[in-house]
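Q: This is a predicted model, with the sequence first.
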Amino acid sequence: MSTFQKVNEKMTNYRWTICTILFFATTVNYLDRQVLSLTWKDFIAPEFHWTNDDYGNITSLFSLMYAFSMLFAGRIVDWLDTKKGFLWAIGIWSLGACLHAFCGIATSGITTGHWLVGFEGAKEAIQTVGDASIIVTVSVTLFIFARFVLALGEAGNFPAAIKATAEYFPKKDRALSTSIFNAGATVGALAAPVTIPLIAKNYGWEMAFIIIGALGFIWMGFWVFIYKKPEVHPKVNSAELTYIQQDKDDASISYDGNPIKFQRKLSFVECFKFKQTWAFAFGKFMTDGVWWFFLFWTPAYLSSVYGMKSSDPESQLALFVLYAITLLSIIGGWLPSYFIDKKGMNPYAGRMRSMLIFAFLPLLALAAQPLGHLSYWFPTIIIGIAGAAHQAWSANIFSTVGDMFPKSAIATITGIGGMAGGVGSYLINKGSGLLFDHAETTGMKFMGFEGIESGYFIIFSICAVAYLIGWVVMKTLVPKYQPIVID
């Protein structure tokens, strides 16, 4: 491909094809995460005698493993580069997703010695075990292992996707492209309640894991042929390449402060020396857990508080509407572009202004439980709005990495932030499981609520204020746009 732009050459738009396949990867990513949350309460827990605390242990340890993996996933993606890094990531997490299906057979084999049985045979063998605590211990351990494999692979999704976005989009378009591919999380969550419970009900919970897990292997086949670097891709012409690389010569430009210059590639340890790294990590720590709490616990919330099983039409409709509302998060990609293009702000200032607006919306979660006594639709809609705010916030916080760090370090910094987000998610998921069991068994009373409802009110309140706290700390650490530049 010629490196010179031809006169009157019409620009290709292959970068949006890349954005589209990133969207589908994120959709599959969140479908795989949702299978357990939509099957454990009504299908898996009765079989293995799980409590809320058991489920909380599985989800919190998944978050912790995800956090630990994110610390290295970004570095590995930078080392393998985008194409290979993404292939390894989705291959591992798809394998992990499918492994969940065989936890019942493995539990049967360990507790009864019956290994050569099918899914139904495993259920029958498990019922013969007199001590339920053994079933709980073995099954939870096996699910944690499968969840670890899933986390190991899923940790590579966002570092690879953010790196691909930085390779194919100029800074001014990255929040929009990120919000589009990140909407895959919403679409995955949207598709999950209308597909997964039906698969589990008609074919068994095991097939839900296998069918959804297999989607990742299909995606890999498309990625192999679709992705190449823009400068060598035959479907990217010189006009589009010029548009993509329009920031190439802006590395030495500082808008509100002086850039920090390095003559060599940043080492892993050096990444922690910058306030920009800590600002991004703290923002992720405070807010990632909120999204994961809504993702993992909303089906259980509808079941525990309103008696709605995940396979009930009312529950499926409520979850569908909830995640349909989160599609409003696409505004998260448009708003900073408005501030940058129309108000003349630099990218960082435009994103921070947008994130402040989005940080106020989750405050509605304070009213979710009080209004829930009128109808389950109130918390459903409020959680949907909070979810939309999170996804809009997420698109912009990811884009701040590309604004301030060179492309060679983007996946690494994204991984560090993902690790922090995973730690936050571990704390809220583990805490939620313990709190809900305690509130339910003791009839705990708090602010006019009793039992498990009091527990949900406490967690909803924490989720409501998390974004404002995260924004204030980020703004304090990095008050002005200050990119880190490698000469």
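A: Perfect, I can see it now.
Q: Strands of the protein, residue ranges please.
A: 260-262, 445-446, 449-450, 484-486 (DSSP state E).
Q: Quick check: Tyr55 touching Lys430?
A: No. Counting by C-beta atoms under 8 Å, Tyr55 sits too far from Lys430 to count as a contact (10.7 Å). Every residue, glycine included, has its C-beta placed from N, CA and C.
Q: ok, the two, which is more surrounded?
A: Taking other C-beta atoms under 10 Å, Tyr55 and Lys430 do not tie; Tyr55 has more neighbours (26 against 18).
Q: Can you list the low-confidence ranges for the chain?
A: Where the chain drops to pLDDT under 70, the residues are 1-8, 248-265, 485-487.
Q: need the longest helix for it.
A: In the chain, taking DSSP state H as the definition, the longest helix is helix 407-442.
Q: list the helices and strands that one packs on?
A: Applying 3 or more C-beta pairs under 8 Å, 6 or more residues apart in numbering; DSSP states H and E, we find helix 407-442 packed against helix 52-80, helix 157-168, helix 275-306, helix 377-404, helix 452-477.
Q: Among these, show me which one is buried the most.
A: Neighbour counts (mean count of other C-beta atoms under 10 Å) averaged over each of the helices and strands packed on helix 407-442 peak at helix 157-168, with a mean of 28.
Q: and the angle from it to helix 377-404?
A: Helix 157-168 and helix 377-404 meet at an angle of 50 degrees, taking axes from the mean of the first three to the mean of the last three C-alpha atoms, to 10 degrees as the criterion.
Q: Burial check on the closest residue to Phe339 other than its chain neighbours, number of neighbours?
A: Among residues not flanking Phe339 along the chain, Gly350 sits closest, at 3.6 Å (C-beta to C-beta, 6 or more residues apart in numbering). By other C-beta under 10 Å, 26 other residues sit near Gly350.
Q: which ones are touching Ser399?
A: Shown in contact with Ser399 (C-beta atoms under 8 Å, 6 or more residues apart in numbering): 171, 174-175, 178, 336, 347, 351.
Q: ok, now with 10 Å
A: By C-beta atoms under 10 Å, 6 or more residues apart in numbering, Ser399 lies in contact with 162, 165-166, 169, 171-179, 332-333, 336, 347-348, 350-351, 354.
Q: just to revisit the earlier point, return the set of buried residues in the longest helix of the chain.
A: Under the neighbour-count criterion of 16 or more other C-beta atoms under 10 Å, helix 407-442 has 409-437, 439-440 buried.
Q: what angle sits between it and helix 452-477?
A: Using the same axes, to 10 degrees: helix 407-442 against helix 452-477 is 150 degrees.
Q: hang on, Ala368 packs against Cys463?
A: Yes. The pair Ala368 / Cys463 is scored as a contact, 9.1 Å apart, by C-beta atoms under 10 Å.
Q: give me the number of residues near Lys445?
A: 12.
Q: Show me what it bridges to in the sheet.
A: Glu450 (DSSP bridges).
Q: I'd like the numbering to begin with 34 instead of 1 from here.
A: Will do, 34 is the new start, and the previous item becomes Lys478.
Q: List the contacts of it.
A: Contacts for Lys478 (C-beta under 10 Å, 6+ apart) come out as 472, 484, 486-487.
Q: what do you get for Leu328?
A: Contact partners of Leu328, counting by C-beta under 10 Å, 6+ apart, are 63, 66-67, 70, 92, 218, 221-222, 225, 356, 420, 423, 458.
Q: rewinding a little: can you name the two of the contacts of Lys478 that are farthest apart?
A: The most widely separated members of the contacts of Lys478, counting by C-beta to C-beta, are Ala472 and Glu486 (7.8 Å).
Q: what is in contact with those two at once?
A: Contact with both Ala472 and Glu486 is made by residues 478-479, according to C-beta under 10 Å, 6+ apart.
Q: follow-up on the earlier one: shared neighbours of Ala401 and Cys496, which are they?
A: Shared contacts of Ala401 and Cys496 (C-beta under 10 Å, 6+ apart): 416, 419.
Q: Please produce TSV containing the contacts of Lys478, extended by distance to Ala130.
A: TSV is the format used below for these (distance: C-beta to C-beta, whole Å):
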residue	distance to Ala130
Ala472	31
Gly484	34
Glu486	33
Ser487	34
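Q: Could you find the closest non-adjacent residue to Ala314?
A: Spatial nearest neighbour of Ala314, chain neighbours left out: Ala453 (3.9 Å); criterion: C-beta to C-beta, 6+ apart.
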